[in-house]
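[1] structure of the sequence below:
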Amino acid sequence: MFSYPQFHLLSNSSSPSEVAVVACQNGWEYDNSMFISTLATQFDLVCEKRGLAKASATIFFVGVMAGTVFFGVLCDKYGRRSMLLVSYVSAIVFSVVSAFSSNYIMFAAFRFLTGFALTGITNISVVLSIEWVDTKHRTFIGVFGSISWSLGNMLLAGFAYLVTDWRMLIISVTSPLLVATGIWWWIPESARWLIANGKTETAYKYLQKCATFNKRRDFTSRVKPEALSTVMTAEHQGHSYTYMDLFKTPQLRRLSIFTGIVWYGVASTYYGISLNITSFGLDLYLTHFIYAAIEVPAKILIYFSLNKVGRRVSQTGTLVLTGFCILINIITPTEFWTFRTVIAVLGKGLSEASFTTVILYTTELYPTVMRQNGVGYASFMARLGASISPLIMLLEDMWKLLPEVIFCTVAIFSGLIAWLLPETNNTRLPETIEDIEEIRKKPISFTTENQSNIPLKLAICADTTQ
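    Numbers count the residues shown, from 1 in each chain. Model prediction:
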């Protein structure tokens with residue numbers, strides 16, 4: 001505001017930029033027609049503080065990045081199930097506390113911790129579910145989990161429409177975690193992880209329950225607890241792996257480099273498109289709902305693609321086609337608004353399909369002894385891509401099309417890198433680093449036919465569900 005009335009500005013020869021301004025002396029009045037209270041209105045994040053509102057989202061993603069590293073290590077060391085409970089409880093506590101923050105610094109700190117905990121839920125759930133299903137149903141479980149994410153996004157629009165106070169909104173969207181925590185008691189620990197860490201007695205009990213549920217009554221006569229103890233060699237039982245182990249051996253190092261590039265490309269492109277897409281002229285809630293709904297048919301289609309042509313072709317295809325959608329919008333004049341919007345929506349659907357694919361694909365590529373570490377590292381690369389995307393958007397000040405050119409290049413390049421990964425469709429999960437190094441000594445882009453004979457040391461659980 002101006003420190004005193006500036007009537008002389010009515011003159012055509014005067015400019016407001018020539019007059020010094022001061023901060024508002026009597027506070028601010030806000031338009032509460034859409035929201036009763038928001039973070040910005042609660043802590044007066046306006047004028048010189050307006051950037052802090054967006055900074056809270058960045059802080060949240062930094063927490064997500066940190067969480068991928070933390071939970072990746074501890075899940076491979078202490079188990080999937082126990083760390084999943086830690087994630088649930090931590091996310092509930094941190095999220096609720098953030099809703100009652102008395103100042104911005106407190107809110108930002110607990111948003112960091114909330115992101116830290118939530119990434120554990122996401123990564124652990126994916127790995128645990130994939131490790132408990134047989135080869136035939138891995139695709140269904142992976143895609144179903146991804147669709148549930150989209151349905152949750154659609155429900156978020158409803159929550160936000162009905163709950164217009166930011167504190168109550170945070171508590172409302174956190175409440176489903178209470179249900180998830182209750183269900184946790186019926187979630188079994190990964191039998192693969194238990195056997196890999198020498199806990200054969202516990203693994204056998206879970207496998208018995210698995211066999212009973214699937215009506216495989218011959219399990220007890222065919223498999224004894226003593227047999228499970230010979231599955232893993234003494235070298236691997238109880239051995240703790242770190243992120244450095246992802247890069248120590250040739251094939252695993254190559255695999256990690258490629259998956260890191262692909263995850264970065266998938267996330268960077270996905271968030272880049274989301275930041276750049278039009279709102280159709282609709283209100284905030286309906287726009288969010290439509291964008292979430294667009295993802296569902298894309299994920300249903302990718303389910304059939306994953307089963308029919310495999311993971312590698314699906315991953316490469318969705319990324320390259322996403323890049324071409326961006327390219328088409330680059331060369332299409334802005335006056336063709338409807339066509340550009342359709343292409344942008346198609347690109348968003350393809351980018352979401354590539355996200356669904358890479359999550360399933362990565363869990364199948366890494367061995368059991370390092371699977372959570374591998375997924376954690378890959379997720380870290382994805383969050384890095386997501387964090388950099390808003391910065392890339394700022395480059396439009398240099399050249400309006402530069403951000404789109406960058407996203408297009410990243411999508412196509414990462415898609416071509418995905419072609420160098422091995423196919424995992426209808427193959428058993430690798431268990432040890434030796435499974436990666438010995439079986440995959442051939443070029444890393446070998447086919448499903450070559451992989452079909454990978455000797456799975458922990459095939460017991462898969463056999464009981466077939």
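
[2] please name the nearest non-neighbouring residue to I170.
    A99 (4.1 Å; CB to CB, 6 or more residues apart in numbering). C-beta: built from backbone N, CA, C; applies to glycine.

[3] ditto for T174
    In space, T174 is closest to S95, 4.3 Å off (CB to CB, 6+ apart).

[4] ok, now S98?
    F110 (3.6 Å).

[5] residues near L384, how many?
    18 (other CB atoms under 10 Å).

[6] packing partners of whichever strand or helix holds it?
    L384 is located in helix 371-393, with elements delineated by DSSP states H and E. Other helices and strands packing on helix 371-393, by 3 or more CB pairs under 8 Å, 6 or more residues apart in numbering; DSSP states H and E, are helix 51-78, helix 104-132, helix 250-276, helix 337-365, helix 402-418.

[7] angle of that helix against helix 250-276?
    40 degrees (axes from the mean of the first three to the mean of the last three CA atoms, to 10 degrees).

[8] my guess is E352 contacts V296, does it?
    No. At 9.2 Å, E352 does not count as touching V296 under the criterion of CB atoms under 8 Å.

[9] before we move on, the earlier item: now the weakest link among the helices and strands packed on helix 371-393, please, by mean pLDDT.
    Sorting the helices and strands packed on helix 371-393 by mean pLDDT places helix 51-78 lowest, at a mean of 81.

[10] how about L207: what's its closest non-neighbour residue?
    A191 (5.4 Å).

[11] hmm, K205 and that neighbour touching each other?
    No. Applying CB under 8 Å as the test, A191 and K205 come out as separate, 9.3 Å apart.

[12] which one's more surrounded, those two?
    The residue with more neighbours, out of A191 and K205, is A191; 26 against 15, by other CB under 10 Å.

[13] next, count neighbours for N426.
    Residues near N426, counting by other CB under 10 Å: 14.

[14] which SS state does it fall under?
    coil (DSSP: H, G, I helix; E, B strand; the rest coil).

[15] pLDDT weak spots in the stretch 101-250 of the chain?
    219-239 (pLDDT under 70).

[16] now do 50
    233-235 (pLDDT under 50).

[17] tell me where it has helices.
    104-132, 138-162, 166-174, 176-183, 191-196, 200-213, 219-222, 225-228, 250-276 (DSSP state H, counting those that start in this stretch).

[18] list the buried residues of the fourth one.
    It refers to helix 176-183. 177, 180-181 (16 or more other CB atoms under 10 Å).

[19] got the angle for it vs helix 138-162?
    Using the same axes, to 10 degrees: helix 176-183 against helix 138-162 is 140 degrees.

[20] so helix 176-183 versus helix 104-132, what angle?
    Per the same axes, to 10 degrees, the angle that helix 176-183 makes with helix 104-132 is 40 degrees.

[21] likewise for the second one?
    Using the same axes, to 10 degrees, the interaxial angle of helix 138-162 with respect to helix 104-132 works out to 150 degrees.

[22] same for helix 138-162, what does it pack against?
    Helix 138-162 packs on helix 104-132, helix 166-174, helix 284-308, helix 337-365, going by 3+ CB pairs under 8 Å, 6+ apart.

[23] any chance of a markdown table for the ones you listed, columns mean neighbour count?
    Output for the helices and strands packed on helix 138-162, formatted as a markdown table (neighbours: other CB atoms under 10 Å):
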| stretch | mean neighbour count |
| --- | --- |
| helix 104-132 | 22 |
| helix 166-174 | 18 |
| helix 284-308 | 17 |
| helix 337-365 | 22 |
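
[24] need those helices in JSON lines with distance to M154, can you?
    Listed next are the helices and strands packed on helix 138-162 as JSON lines, based on distance: least, CB to CB, whole Å:
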{"stretch": "helix 104-132", "distance to M154": "18"}
{"stretch": "helix 166-174", "distance to M154": "13"}
{"stretch": "helix 284-308", "distance to M154": "4"}
{"stretch": "helix 337-365", "distance to M154": "13"}
